[in-house]
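[1] Show me how the following folds:
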Amino acid sequence: MEPFKPKLPKKPSRIDKSLLIVGLFIVVMTLEFFTPNEYVFGYLYTGPILLANSWLGRLATFQATVVAVSLTILNLVVPGGELIKASTVASRTIAAMALIVTGVLSDRIHRSEEAIALTHAKLEAQEELVGLREDFASTLTHDLKTPLLGAIETLKAFEQEKFGAVLPAQQKVLATMIRSHATSLQLLETLLDVYRNDTEGLKLDLAPVDLVVLAEEAASTLTELAANRRVHLSFSYGDSDWRQSLWVQGDALQLQRVFTNLLVNAINHSRRGDRVEVVLEPQASYQVVKILDTGAGIQPEQFPHLFERFYQGHSDRQAKGSGLGLYLSRQIIEAHGGIIWAENRVPSGAIFAFKLPVYPFQSSVTV
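    Residues are numbered from 1 along each chain as shown. Got it, this is the predicted structure:
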């Protein structure tokens, strides 16, 4: 036995809607033509006009408006036999104008609603497409990690001569291949982090951390890169000549990634023989970090896009990046309640800086 399915009410057809509108016209006409002409019932035609606009479209709205205005004015002389007063003419003229305004405005509102609905549908389609693209990129990035890791381990095994003797020239080739694969792996991991942060939000493991220590650790890992680019790294502490701690409540791993991204960016934008300076300034409410380079600086049109995803800009930098480092850095700093920005130096160069709230209980931190 089939389950009982309640019948849904049948939606009225276009003919049913048209008959209803005609019926309303007849009702209002009856009130108009069977009462003295000083009684103006023409305002009631607004009901059929609005229904025609909602149900039947623009042409039906125009037709209903013309008929309503004509009937309202016609009632001045039909059925006849009454003295036409100036006040009656004025009343019916005002009613006719009101009907015209109703028809015009209802048509405009209807077109605006259609445009809004179309725009909303386009936005939903774009959001769905973006979501599919993000899911595809995230899945592809994740799946590419496994073969890269396998390739790196295999190359390391060859480098360690686990499959036989390796000549010095071959050792150099293997080392280059390992570095290249490691760079690709790092890019994939950054991509995964970006997509994960955009969809799930950045999860932080908060603890008291010293920004000075993080900066020095990040710089030490980039010593070889700076040496290859012949760029000198240095530290300064604002108005102080002495090394001092800058404590914040933060995720040490994530903040160290910010230092690495900003330092790599500065090194890549510096010319050979230039200097990249890390300035660490304690302030009353914020700890401020600035990465200064002496490169070509930032073009005015680039500022709004510097921290956007995949934006690389145009410069004579020594090495091209992925356009993800600054975007990921912005994600991390903003998740910590901080602010990141960029500005130009005088006479040349750029400053990439961020500030984080001061850790409120610095006296309780043991160094």
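[2] Tell me which stretches of the protein form helices.
    For the chain, helices defined by DSSP state H occupy the ranges 14-33, 46-55, 58-74, 86-159, 168-200, 211-221, 223-229, 252-268, 325-335.
[3] Check these for me: which has the lowest mean pLDDT.
    Among those, helix 168-200 carries the lowest mean pLDDT, at a mean of 78.
[4] Identify each buried residue in it, please.
    174, 177-178, 181, 185, 187-188, 190-195, 197 (16 or more other Cβ atoms under 10 Å). C-betas here are computed from N, CA, C, even on glycine.
[5] gap between that helix and the chain center?
    In terms of Cα atoms, centre = their mean, to the nearest Å, the centre of helix 168-200 is set 27 Å apart from its chain centre.
[6] Next, the angle helix 86-159 makes with that helix.
    Relative orientation of helix 168-200 versus helix 86-159 (axes from the mean of the first three to the mean of the last three Cα atoms, to 10 degrees): 150 degrees.
[7] and the angle for helix 168-200 with helix 252-268?
    120 degrees.
[8] rewinding a little: out of the helices of the chain, which is closest to residue 285?
    Nearest of those to residue 285, taken as Cβ to Cβ: helix 211-221 at 14.7 Å.
[9] now for that closest one, which elements pack on it?
    In this structure, helix 211-221 packs against strand 232-236, helix 252-268, strand 275-282, strand 286-292, with contacts taken as 3 or more Cβ pairs under 8 Å, 6 or more residues apart in numbering; DSSP states H and E.
[10] Export the helices of the chain to TSV and append columns for distance to residue 276.
    Compiled in TSV, the helices of the chain are given as follows (distance: least, Cβ to Cβ, whole Å):
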stretch	distance to residue 276
helix 14-33	73
helix 46-55	66
helix 58-74	65
helix 86-159	29
helix 168-200	20
helix 211-221	9
helix 223-229	7
helix 252-268	4
helix 325-335	15
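[11] residues of stretch 288-305 that come out buried?
    For stretch 288-305, burial by neighbour count (16+ other Cβ under 10 Å) applies to 288-298, 302.
[12] May I ask which two of the residues you listed are separated the most?
    So, those by Cβ to Cβ: farthest apart are 288 and 296, at 24.3 Å.
[13] For residue 186, give its distance to residue 261.
    For residue 186, the distance to residue 261 equals 11 Å [Cβ to Cβ, to the nearest Å].
[14] same thing with residue 88?
    For residue 88, the distance to residue 261 - Cβ to Cβ - is 81 Å.
[15] So between these two, which is more surrounded?
    Neighbour tally, residue 88 and residue 261, criterion other Cβ atoms under 10 Å: the higher count belongs to residue 261, 23 against 18.
[16] Surely the more buried one touches residue 326?
    Yes - between residue 261 and residue 326 there is a contact under Cβ atoms under 8 Å: 6.7 Å.
[17] care to break the chain down by domain?
    If you go by automatic domain parsing, the domain ranges for the chain are 11-201, 207-364.
[18] Pick the most deeply packed of those domains.
    domain 207-364 (a mean of 17; mean count of other Cβ atoms under 10 Å).
[19] Now find how far off-centre that domain is within its chain.
    24 Å.
[20] circling back: can you say which of the helices of the chain is nearest to residue 280?
    Of all the helices of the chain, helix 211-221 sits nearest to residue 280, with 5.6 Å by Cβ to Cβ.
[21] residues making contact with that closest one?
    233, 235, 243-248, 252, 255-256, 259-260, 263, 278, 280, 287, 289, 356 (Cβ atoms under 8 Å, 6 or more residues apart in numbering).
[22] of all the buried residues of stretch 288-305, which comes closest to residue 105?
    Once Cβ to Cβ is applied, the member of the buried residues of stretch 288-305 that ends up nearest residue 105 is residue 302, at 46.3 Å.
[23] What separation is there between that closest one and residue 80?
    For residue 302, the distance to residue 80 - Cβ to Cβ - is 79 Å.
[24] cool, residue 171 as well?
    113 Å.
[25] could you check the distance from residue 149 over to residue 182?
    According to Cβ to Cβ, residue 149 and residue 182 sit 10 Å apart.
[26] just to revisit the earlier point, what's the closest of the helices of the chain to residue 344?
    helix 252-268 (13.4 Å).
[27] Just the angle for that closest one relative to strand 275-282, thanks.
    Using the same axes, to 10 degrees, helix 252-268 lies at 140 degrees relative to strand 275-282.
[28] what separates stretch 37-49 from the chain centre, distance-wise?
    Chain-centre distance of stretch 37-49: 50 Å, with Cα atoms, centre = their mean.
[29] And it, end to end?
    One end of stretch 37-49 to the other measures 22 Å (Cα to Cα, to the nearest Å).
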